[in-house]
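Novice: predicted structure and sequence below. I'll ask about it afterward.
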Amino acid sequence: EVQLVESGGGLVQAGGSLRLSCAASGFTFDDYVIGWFRQVPGKERREGVASMTNGGSTHYAEAFKGRFTISRDMAKNTVYLHMNSLKPEDTGVYYCYARPLSGGRFWGQGTRVTVSS
């Protein structure tokens, strides 16, 4: 059974940093694309933040380039989202996902990030 458990969210001041973690079980990164979405207040849909292919290639939505970094630890089966220079508008719930190459998507429960001004 695929499971994703996020952690690392919390309250941080504007300009600060956080590292989100997503512990994965039930699969390995060899056959999945992994990544992060977020749901911010006032927006109906989740927006993509960053992703990493099974081969390790990364992709970032334009708004996060240079500030956020996605990484993974294959030994720990954990994916991270390093967030720097946080802004109040980064406040929201951040979700980890895993997408098998065969299709579909699995989601974590989300971790809340609050950036104070």
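Specialist: In hand now; what should we look at? Numbering: from 1, shown residues only.
Novice: and the strands in this protein, which stretches?
Specialist: 3-7, 10-13, 18-25, 32-39, 47-52, 58-60, 68-73, 78-83, 92-100, 106-107, 111-116 (DSSP state E).
Novice: let's have the ones you listed in CSV, adding mean pLDDT and mean neighbour count.
Specialist: All C-beta atoms are positioned from the backbone trio N, CA, C, and that covers glycine. Formatted as CSV, the strands of the chain follow (pLDDT from 0 to 100; neighbours: other C-beta atoms under 10 Å):
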stretch, mean pLDDT, mean neighbour count
strand 3-7, 97, 17
strand 10-13, 98, 12
strand 18-25, 97, 19
strand 32-39, 97, 22
strand 47-52, 97, 19
strand 58-60, 98, 15
strand 68-73, 97, 17
strand 78-83, 98, 22
strand 92-100, 96, 21
strand 106-107, 96, 16
strand 111-116, 98, 17
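Novice: so who does the most centrally placed residue in the chain touch?
Specialist: In the chain, the C-alpha nearest the mean C-alpha coordinate belongs to W36, at 2.9 Å (C-alpha atoms, centre = their mean). By C-beta atoms under 8 Å, 6 or more residues apart in numbering, the contact set of W36 is 20, 22, 48-51, 70, 79, 81, 94-97.
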